[in-house]
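J.: build me a model from this:
(3 chains)
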Amino acid sequence: MTATTVSSDLYTQVQHFYARQMQALDNGRIEEYAATFTKDGSFQHSPGIDPVLGRDNILAELRSFLKKYDDDPTQRRHYFNQMILDPQEDGSLRSTVYALIIRVRPNEQPEVWPSTVVHDVIDLTDGEILLRSRSVSYDQLV
Amino acid sequence: MTATTVSSDLYTQVQHFYARQMQALDNGRIEEYAATFTKDGSFQHSPGIDPVLGRDNILAELRSFLKKYDDDPTQRRHYFNQMILDPQEDGSLRSTVYALIIRVRPNEQPEVWPSTVVHDVIDLTDGEILLRSRSVSYDQLV
Amino acid sequence: MTATTVSSDLYTQVQHFYARQMQALDNGRIEEYAATFTKDGSFQHSPGIDPVLGRDNILAELRSFLKKYDDDPTQRRHYFNQMILDPQEDGSLRSTVYALIIRVRPNEQPEVWPSTVVHDVIDLTDGEILLRSRSVSYDQLV
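T.: Residues are numbered from 1 along each chain as shown, chains lettered A, B, ... in the order given. Sure, this is the predicted structure:
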């Protein structure tokens, strides 16, 4: 079932990388989030939209996406789980990980929305973990 | 609090094993799921039913269980958390892990159902991780 | 993004420590939970209350807090996620980790309440993992 697989050390490092990355995003530190991509990294945060390329465009896209919460104060939390890492021939890693987003609004029960799967390609050059690309698929059946 | 405990390397390998196993199940690749059990493995997916023995029976049981979704298209996601691994005297591992199932249906909010605890016995012979047995308890109080 | 960081071995050990600690709490073994703090450990389980100091006081506080479930049978499950560990100059670790609490009551859907962030200081003296302090912030905006 496993074939070639990553070391436990690298698996754990990626967990820690995701923790820092997603806490940065959820706490609104979007420059820090954008810096987790390679310079020419690709980011598609929702299905059916075009990916944006490069940190500046990622940052602009996030600013635009998060604008909808301007009049709707919401604390979001991204829960990651069941991470599969597959080494690619070019030395990168393919990461496939569940992501459940919890939305918390004033005086409401926390809401589970949406349930997604995150598809990353992780760059490991120079001993650093960075995302070459991230795309997010939604579970919602339509 | 810990006494004898597993290595971090093994702990991480089991996390990765679960990720591959449960993504296979949630994506409907049930042959792949059945293959994560030993040949004579035991599987009891819900309380109060008899366990089924062996990969063929596990596969048949899953086919039967999943039939109820034939007319009710549902994407399920199993979130595992707080995994405890206890080495047994015979070289196997006892694993006790929370499992929260998210059910996603068309045009509905994702639903948390049920909240469970998974009780596994993990076989490590031949350097491979396989389940000797799995039983699932439900948190729902009745 | 990382600067000084912990080893993968230690990161995994803390995951396992949390699993044992929180399964103890969720299963009502609160003496075992209290024993995961240092002798003079500090615990503030909810915002806006004073922290309690020392294992005996932690135990008393938990007994008092859990009394509210005496007439309201509830199985709680604490899901931890996105754990960040930052080494401190004094050899301790600062841990910042998401915690989602699932509450399960008879004949009700599991409820997500509340969504929190756990802030721990972890003591590593004598090769043992213990909490010097824990405080919990709630996401709920008010």
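
J.: mind telling me what element the residue of chain A found nearest chain C is part of?
T.: Proximity of chain A to chain C (CB to the nearest CB) peaks at residue A:12, 3.7 Å away. For every residue, glycine as well, the C-beta is placed using N, CA and C. Taking DSSP states H and E as the definition, residue A:12 sits inside helix A:8-26.

J.: what comes up buried for that helix?
T.: Under the neighbour-count criterion of 16 or more other CB atoms under 10 Å in any protein chain shown, helix A:8-26 has A:8, A:10-26 buried.

J.: now do stretch A:50-59
T.: Counting neighbours by 16+ other CB under 10 Å, the buried set in stretch A:50-59 is A:52, A:54, A:55, A:58, A:59.

J.: how about stretch A:70-83?
T.: By neighbour count, and taking 16+ other CB under 10 Å as the criterion, the buried residues in stretch A:70-83 are A:75, A:76, A:77, A:78, A:79, A:80, A:81, A:82, A:83.

J.: ok, and which of those residues reach chain C?
T.: Applying CB under 8 Å from any CB of the partner chain, the subset of the buried residues of stretch A:70-83 adjacent to chain C comprises A:75, A:77, A:78, A:79, A:80, A:81.

J.: quickly note the distance from the last one to residue A:90.
T.: As defined by CB to CB, to the nearest Å, residue A:81 lies at a distance of 27 Å from residue A:90.

J.: try the first one
T.: Note on residue A:75: its distance to residue A:90, by CB to CB, is 38 Å.

J.: so residue A:38 makes contact with residue A:131?
T.: Yes - counting by CB atoms under 8 Å, residue A:38 touches residue A:131, with 6.8 Å between them.

J.: these two: who's more crowded?
T.: residue A:131 (22 against 17; other CB atoms under 10 Å in any protein chain shown).

J.: sorry, back to before: shared neighbours of residue A:38 and residue A:131, anything?
T.: Listed as contacting both residue A:38 and residue A:131 by CB atoms under 8 Å, 6 or more residues apart in numbering or on different chains are residue A:123.

J.: now do the same end-to-end measure for stretch A:41-57.
T.: Start to finish, the residues bounding stretch A:41-57 are 10 Å apart (CA to CA, to the nearest Å).

J.: err, stretch A:115-133, not the other one
T.: Using CA to CA, first and last residues of stretch A:115-133 are 20 Å apart.

J.: that stretch - what's its average pLDDT?
T.: When pLDDT is averaged over stretch A:115-133, the result is 96.

J.: which residues sit against it?
T.: Applying CB under 8 Å, 6+ apart, the set of residues contacting stretch A:115-133 from outside is A:13-14, A:17, A:36-38, A:41-44, A:51, A:80, A:85, A:88, A:91-101, A:134-140, B:75, B:77, B:102, B:104, B:110.

J.: quick one, which of these are buried?
T.: Buried members of those, scored by 16+ other CB under 10 Å, are A:13-14, A:17, A:36-38, A:41-44, A:80, A:85, A:92-93, A:95-101, A:134-136, A:138-140, B:75, B:77, B:102, B:104, B:110.

J.: narrow those residues to those in helices?
T.: Using DSSP state H to define helices, the subset of the buried ones among the contacts of stretch A:115-133 located there is A:13, A:14, A:17.

J.: which parts of chain A sit against chain B?
T.: Within chain A, the positions near chain B by CB under 8 Å from any CB are A:1-2, A:5-6, A:8, A:11-12, A:79, A:81-85, A:96-98, A:100, A:111-115, A:139-142.

J.: cutoff 7 Å now
T.: Within chain A, the positions adjacent to chain B are A:1, A:5, A:8, A:11-12, A:81-84, A:96, A:98, A:100, A:112-115, A:139-142 by CB under 7 Å from any CB of the partner chain.

J.: reformat the buried residues of stretch A:50-59 as JSON lines; add pLDDT and secondary structure.
T.: As requested, the buried residues of stretch A:50-59 are arranged in JSON lines below (pLDDT from 0 to 100; DSSP: H, G, I helix; E, B strand; the rest coil):
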{"residue": "A:52", "pLDDT": "98", "secondary structure": "strand"}
{"residue": "A:54", "pLDDT": "98", "secondary structure": "coil"}
{"residue": "A:55", "pLDDT": "98", "secondary structure": "helix"}
{"residue": "A:58", "pLDDT": "98", "secondary structure": "helix"}
{"residue": "A:59", "pLDDT": "97", "secondary structure": "helix"}
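
J.: how far away is residue A:18 from residue A:98?
T.: Residue A:18 sits at a distance of 12 Å from residue A:98 (criterion: CB to CB).

J.: how about the residues of chain A that lie near chain C?
T.: Contact residues (CB under 7 Å from any CB) of chain A with chain C: A:8-9, A:12-13, A:16, A:18-20, A:22-23, A:32, A:35-36, A:73, A:75, A:77, A:79-80, A:102, A:104-106, A:109-110, A:112.

J.: could you list which of the buried residues of stretch A:70-83 belong to strands?
T.: Among the buried residues of stretch A:70-83, DSSP state E puts A:75, A:76, A:77, A:78, A:79, A:80, A:81, A:82, A:83 in strands.

J.: who does the third one form a beta bridge with?
T.: According to DSSP bridges, the residues that bridge with residue A:77 are residue A:102.

J.: how about it, what does it touch?
T.: For residue A:77, the contacting residues are A:26, A:102, C:98, C:115, C:139, by CB atoms under 7 Å, 6 or more residues apart in numbering or on different chains.

J.: at 8 Å instead, please
T.: In this structure, residue A:77 makes contact with A:26, A:101, A:102, A:104, C:81, C:82, C:98, C:100, C:115, C:139, judged by CB under 8 Å, 6+ apart.

J.: cool, the fourth one as well?
T.: The neighbours of residue A:78, taking CB under 8 Å, 6+ apart as the test, are A:22, A:25, A:26, A:99, A:100, A:101, C:82.

J.: again with the fifth one
T.: Counting by CB under 8 Å, 6+ apart, residue A:79 makes contact with A:99, A:100, A:101, A:102, B:79, C:79, C:81, C:82, C:98, C:100.

J.: and of those residues, the nearest to residue B:65?
T.: Proximity of the contacts of residue A:79 to residue B:65 was ranked by CB to CB; the top entry is residue B:79 with 19.2 Å.
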